[in-house]
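Peer 1: Turn this into a model:
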Amino acid sequence: MRRIAVINQKGGVGKTTTTANLGAALAKNGLRVLLIDLDPQGHLTLHFGAELRDGQPSVYDVLTAATPVGDVLVKVRDRMTLVPADIDLAGAEVELISVTGREVILREALDPIEQDYDIMLIDSPPSLGVLTVNALVASTEVLIPLQAHFFALQGLSKLLDTVTLVRQRINPQLHVGGVVLCMYESATRLAGEVVDDLVKFLEASRGTTCAWADARVYQTSIRRNIKLAESCSFGQTVFEYAPRSHGAIDYARLAAEVLGETISTEGVGTPNAVAVSAPSASALAAAAPTPLRVGVG
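Peer 2: Got it, this is the predicted structure:
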């Protein structure tokens, strides 16, 4: 199972949106996808309309009560399974502070279901605490959603420091796979400058032993698109809610890149004006079921 942690300690940058819709795109490519909601806000759980009932176990029970992860799984779509979360998870940081081996609890809990899924995406909290460290230890790859703002680059350095520490001390397989630009507005000069700085920084690391030596800025950026914001209030992915929107097209193309499929840029002037060569990825923007309101949000 390929294990990817979707991480940025800054809130509101598109972590949950990316986890949900990239996961949906990968499932449409035929992969068995495991999604883990590791944010106490539980937004990924809400995104799929999977609010927990009283007494229903969650990732909090996995971390603090040794509940088998198989007991908390919720099937949310065809080939998509969720480990849900709710506000109880906020107490895990305090409860685990004195627990020996607290950093590896999630990784060890996932081992029994390793063969049941092809890929895992973890929606991480907007912090660099115990929960985020568990996400990094349980993963081998980091995907960083980033807005093209100056302060986003400042926060990136702290995140990379944390990745480095986890790689050195606990998880030597951990590496940064790439950075995906979210809520991207290509028309602004600031966006272009931030992207240029980011690309230069990553290029300077080539040939080194740092955790981001092979990282890239994904060619596909996620354009600012109201359909992405609307879809979660219907408990749907963007492919269900607005399959022909920019949001659906962008996440389909991002999925193709994550899977290593070829993206053509011939005659292209912007990061998003690309064509997906693989039929399986281009089919993701095809018509989907009519949206059905489920009352979330």
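Peer 1: Pull the contacting residues for the nearest residue to residue 95 once chain neighbours are set aside.
Peer 2: With Cβ to Cβ, 6 or more residues apart in numbering as the criterion, residue 95 has its nearest non-adjacent residue at 5.2 Å, and that residue is residue 64. (C-beta placed from N, C-alpha, C; glycine too.) Listed by Cβ atoms under 8 Å, 6 or more residues apart in numbering, the contact set of residue 64 reads 91, 92, 95, 96.
Peer 1: Taking those residues, tell me the two that lie furthest apart.
Peer 2: By the measure Cβ to Cβ, the contacts of residue 64 have their two most distant members at 91 and 96, which lie 9.3 Å apart.
Peer 1: more crowded one of these two?
Peer 2: Comparing residue 91 with residue 96 by other Cβ atoms under 10 Å, the one with more neighbours is residue 96, at 19 against 12.
Peer 1: From residue 172, how far out is the more buried one?
Peer 2: Here residue 96 is placed at a distance of 23 Å from residue 172 (Cβ to Cβ, to the nearest Å).
Peer 1: and if you look at residue 52?
Peer 2: Looking at residue 52 against residue 172, where the rule is Cβ to Cβ, the gap reads 35 Å.
Peer 1: The two: which has the busier surroundings?
Peer 2: More crowded of residue 52 and residue 172, by other Cβ under 10 Å: residue 52, with 18 against 11.
Peer 1: Nearest residue to the more buried one in space, please, no chain neighbours.
Peer 2: Among residues not flanking residue 52 along the chain, residue 86 sits closest, at 5.1 Å (Cβ to Cβ, 6+ apart).
Peer 1: show me what contacts that neighbour?
Peer 2: Each residue near residue 86 by Cβ under 8 Å, 6+ apart is listed here: 40, 42, 45, 51, 52, 58, 60.
Peer 1: Residue 258 too?
Peer 2: With contacts taken as Cβ under 8 Å, 6+ apart, residue 258 has the following neighbours: 4, 22, 26, 143, 177, 218.
Peer 1: export those to CSV and tack on neighbour count and secondary structure?
Peer 2: As requested, those are arranged in CSV below (neighbours: other Cβ atoms under 10 Å; DSSP: H, G, I helix; E, B strand; the rest coil):
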residue, neighbour count, secondary structure
4, 21, strand
22, 26, helix
26, 26, helix
143, 25, strand
177, 21, strand
218, 20, coil
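Peer 1: For residue 235, state which of those is nearest.
Peer 2: Using Cβ to Cβ, residue 22 comes nearest to residue 235 of the contacts of residue 258, at 17.5 Å.
Peer 1: what's near enough to touch the closest one?
Peer 2: If you count contacts by Cβ under 8 Å, 6+ apart, residue 22 has them with 6, 121, 251, 254, 255, 258.
Peer 1: Can you list the low-confidence ranges for the stretch 151-297 of the chain?
Peer 2: For the stretch 151-297 of the chain, residues meeting the criterion pLDDT under 70 lie at 187, 262-297.
Peer 1: Tell me the secondary structure at residue 35.
Peer 2: Three-state call for residue 35 (DSSP: H, G, I helix; E, B strand; the rest coil): strand.
Peer 1: For beta bridges, what are the partners of it?
Peer 2: residue 82, residue 121 (DSSP bridges).
Peer 1: Just to check, it is in contact with residue 24?
Peer 2: No - if you go by Cβ atoms under 8 Å, residue 35 and residue 24 don't touch, sitting 9.4 Å apart.
Peer 1: residues bridging contact with these two, i.e. touching both?
Peer 2: Common neighbours of residue 35 and residue 24 (criterion: Cβ under 8 Å, 6+ apart): residue 80.
Peer 1: tell me, how many neighbours does residue 111 end up with?
Peer 2: By the measure other Cβ under 10 Å, the count of residues near residue 111 is 10.
Peer 1: Next, it: secondary structure please.
Peer 2: The three-state label given to residue 111 by three-state DSSP is helix.
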